[in-house]
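*Asks:* Using only what follows, build the 3D model:
(chains A and B)
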2 protein chains.
Amino acid sequence: MPHDAALAELQSFLGDRLSRSKAERAVHGVNETWFPETPPDAVAWPETTAEVARIVKTCAAHGCPVTAWGTGTSLEGHALAVRGGISLDLARMNRVLKVRAEDMQAVVQPGVTREVLNTELRATGLMFPVDPGANASLGGMAATRASGTTAVRYGTMRDNVMALEVVLADGRVIRTGSGARKSSAGYDLTGLFVGSEGTLGVITELTLKLHGQPEAISAAVCAFDDFAAAVETVIATIQMGIPMARIEFVDEATAAIFNAANGTSLPEKPHLMVEFHGSKASVAEDARRFGEVVAEMGGADFAWATTTEDRTRLWKMRHGAYPACIASRPGAMGLVTDMCVPISRLAEAVAETRADIAASGIPGPILGHVGDGNFHAILLIERGNAAELKTAKGLAHRMAERALRLGGTITGEHGVGMGKMGLMAAEHGEAWEVMARIKRALDPDGILNPGKLVETAQ
Amino acid sequence: MPHDAALAELQSFLGDRLSRSKAERAVHGVNETWFPETPPDAVAWPETTAEVARIVKTCAAHGCPVTAWGTGTSLEGHALAVRGGISLDLARMNRVLKVRAEDMQAVVQPGVTREVLNTELRATGLMFPVDPGANASLGGMAATRASGTTAVRYGTMRDNVMALEVVLADGRVIRTGSGARKSSAGYDLTGLFVGSEGTLGVITELTLKLHGQPEAISAAVCAFDDFAAAVETVIATIQMGIPMARIEFVDEATAAIFNAANGTSLPEKPHLMVEFHGSKASVAEDARRFGEVVAEMGGADFAWATTTEDRTRLWKMRHGAYPACIASRPGAMGLVTDMCVPISRLAEAVAETRADIAASGIPGPILGHVGDGNFHAILLIERGNAAELKTAKGLAHRMAERALRLGGTITGEHGVGMGKMGLMAAEHGEAWEVMARIKRALDPDGILNPGKLVETAQ
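*Replies:* Have a look, this model is predicted:
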């Protein structure tokens, strides 16, 4: 078995927190989308930063790859140990270490999930708003620079991670950032590790920016005859400075899927789903002004969800989109992809993507974060159907190319992983080589999540 | 003369846009604070990215240092060519290349100043809010990760630079980021170059995030008996989610200096200066709620500046603080330093700093960005008085150490340059060595602004 020496040494101090069992390896070899099962050689469950450091140091000495694992909910195969070695499962590093309410900060271990953190915060009047849908681990969310429905108001993980503790490829432990809200003391290492997908270091602690729980929330859903009008509505709303906490769109196909899954009767048209956070007065004012824009742009069937119950139902429907889409085609699996463009090009991007999907014969509902110009296609392919998989990959590839042609990025929030490696040169040109230089400088032997994000062999 | 061969080659394509004149070298050898005059060997004025690339390539071939120059308004000696070579003056790359109003973005050359950009934007209803006081160049502001009075609402340069064009140390040109509002496509190179102080590359183009000009603005100034009450006011305001566009404090010494410089009659007490941006209704609501907090905390002499004229006067006074402080001690020069702490530690940080300054015998008014926990001491020392300079350096050093002890950073917005090199190891520990590794990976021969931010020889 490969890496036997490394694994034996790891076992000596991890005991039964290192497993080579087929079952555990299988659990850590799967992913949420189409990538083939790829079990690691073993799974390790560290409980402290010192253990992570010792594991990485041991693995470095033996040339054994280390791939961090949070909740396994990433969408581009990030957490698969494609070059073997160990899957470093951070689930046992799951403590909220400190909540500093006055500074609106929390210090957490990487295995804490966002829902656990928000439950712990409930009594403080604070919240951590970044919400990628899945109940992901905060370490994983930082590593993939996650965002989601609330990024339009609260930013992505880039904006909400203030400081990190990181174990480097040689086992040394560093701290980046501080408890201060800003700094100009040198290179922004925090920002470099956020989104580095475990290729530069293993995140072992995060200081997160918290936000006040809004005094009042109101949400609404409304239908448009065409998607361009929905986008125009959002552009006008942003330009008027009306602060939206969420602004989502779903296409006609997704509306139909929502109806089937939730028993609703949305018209089969493009919809916007919006939410405002603030004081009672400001939320009422925001809603009124937004309503005026919607009316002007021809939006209809405008329904406000003011009770908590109604709102929960609305966002549950939105967050349940992925399973609902999968269920809409029996026996299907999803190839989920995302792209992100300047908002002025969003209508065009969606129209072209819809046309391409329609021509392919594969069902592919579209939905996303219109305020960020970021959307997803959930390409529903028959499990085991190689031809459909190939078609879906082609659609995803063309989406990414379209994003670049329209001045955007191949991925707004899903990340690179393995799935988008082949598009990095197209997006970044020589800057991708700069990324590889940084990778080599920080991980010269390439033991941290090899095969992802950068190609160091080039 | 050193670098003769490099300079001769540069002259061959720059003609009179390369100067070795004593006068030009002197202009590019001065700085806004205490660092001794350090003229470069020559000054170059490129007009295009291709020229910057050719200059850097030429210099790289000859081992001639290249130090970028914007407006020379930085405060830690960033732009001084301390190891000789050329000062790369970007003043002629001063065009606003594109304003994309729908996407709220502007593409500019690095020599455009923030005031020029805002003048160009006036008719669009948009603005670029980052405001470090000086009318700095946008390239320089990005390179030093500038912020200022409005960062509490709009963020720093880290948050407002979306994409860059950068000339690398070998003369290659890369692009980072895109026109999309977010991305998870690889390492955040934009964030890495922002704040890198010209040590990793020369910024030749910036895509900036714009914001809507607020429909309504209101500003106010109010006095507190002690600074701790002022800080409590700000913490409560932030926790209530009242969005402040600016929230500045000045200490009693600065209030006295304001009175002398502007003929005002502020009580000689700590003051808060605050501004709200929004719709007429939201600004009125914010002001009302803020007023309630101030009253509760014992703030007095509350005066609203609602007319544009009154507001202009208020912020002119604030932005004129530096020259007013200098003028308050005839024959003095300023050693200006900044530190930044978690806001819960701000009152403590200011109290300790005031006591330390008082004991030193040097006048040192304190003022800053209370919403960010960031403040400045303007240490007024007699020009040419070595003993006072030494005392002031000691005070500044202890401020930085205090920042670290309180969980903050040695500099919130002024940067490292030369002035804070000696504190980087204390703040970052081994992470400073990681910065050096990145520096060596991107600039192996150390030709870009050598002697700043990182110590590559270590």
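*Asks:* what does the helix or strand encompassing residue A:325 contact?
*Replies:* Here residue A:325 sits within helix A:321-328, counting by DSSP states H and E. The contact list for helix A:321-328 (C-beta atoms under 8 Å, 6 or more residues apart in numbering or on different chains) reads A:133, A:250, A:254, A:257-258, A:260-262, A:332-334, A:336, A:363, A:365, A:367, A:378, A:380. For every residue, glycine as well, the C-beta is placed using N, CA and C.
*Asks:* roughly how far is that helix from the heart of the chain?
*Replies:* Distance, stretch centre to chain centre, for helix A:321-328: 18 Å (C-alpha atoms, centre = their mean, to the nearest Å).
*Asks:* Just the CA atoms of it, as CSV, please.
*Replies:* Below are the C-alpha coordinates for helix A:321-328, written out as CSV (Å, rounded to 0.1, in the frame of the first residue of the first chain):
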residue,chain,number,x,y,z
ALA,A,321,-33.6,24.0,-5.3
TYR,A,322,-30.7,21.5,-5.8
PRO,A,323,-32.5,18.4,-4.4
ALA,A,324,-35.7,19.5,-6.0
CYS,A,325,-34.0,19.8,-9.4
ILE,A,326,-32.4,16.3,-9.0
ALA,A,327,-35.7,14.8,-8.0
SER,A,328,-37.4,16.4,-11.1
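*Asks:* got the buried residues for that helix?
*Replies:* A:321, A:322, A:324, A:325, A:326, A:328 (16 or more other C-beta atoms under 10 Å in any protein chain shown).
*Asks:* Redo the residues you listed as TSV? Include pLDDT.
*Replies:* Listed next are these as TSV, based on pLDDT from 0 to 100:
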residue	pLDDT
A:321	93
A:322	91
A:324	95
A:325	95
A:326	94
A:328	95
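*Asks:* hang on, isn't residue A:285 packed against residue B:284?
*Replies:* No. At 10.6 Å, residue A:285 does not count as touching residue B:284 under the criterion of C-beta atoms under 8 Å.
*Asks:* Those two: who's more crowded?
*Replies:* Comparing residue A:285 with residue B:284 by other C-beta atoms under 10 Å in any protein chain shown, the one with more neighbours is residue A:285, at 20 against 15.
*Asks:* Please tell me how far the more buried one sits from chain B.
*Replies:* 5 Å (C-beta to the nearest C-beta, to the nearest Å).
*Asks:* Skipping adjacent residues, who's closest to that residue in space?
*Replies:* residue B:281 (5.3 Å; C-beta to C-beta, 6 or more residues apart in numbering or on different chains).
*Asks:* Correct me if wrong: the one you found contacts residue A:286.
*Replies:* No. Using C-beta under 8 Å, residue B:281 makes no contact with residue A:286, being 10.0 Å away.
*Asks:* Looking at the two, which has the bigger crowd around it?
*Replies:* Between residue B:281 and residue A:286, residue A:286 has the larger neighbour count (other C-beta under 10 Å), namely 26 against 16.
*Asks:* Report all helices and strands that the strand or helix carrying the residue nearest to residue A:285 contacts.
*Replies:* Assigned by DSSP H and E, residue B:281 belongs to helix B:280-296. In terms of contacts (3 or more C-beta pairs under 8 Å, 6 or more residues apart in numbering or on different chains; DSSP states H and E), helix B:280-296 is packed against helix A:280-296, strand B:216-223, helix B:227-239, strand B:271-278, strand B:300-305.
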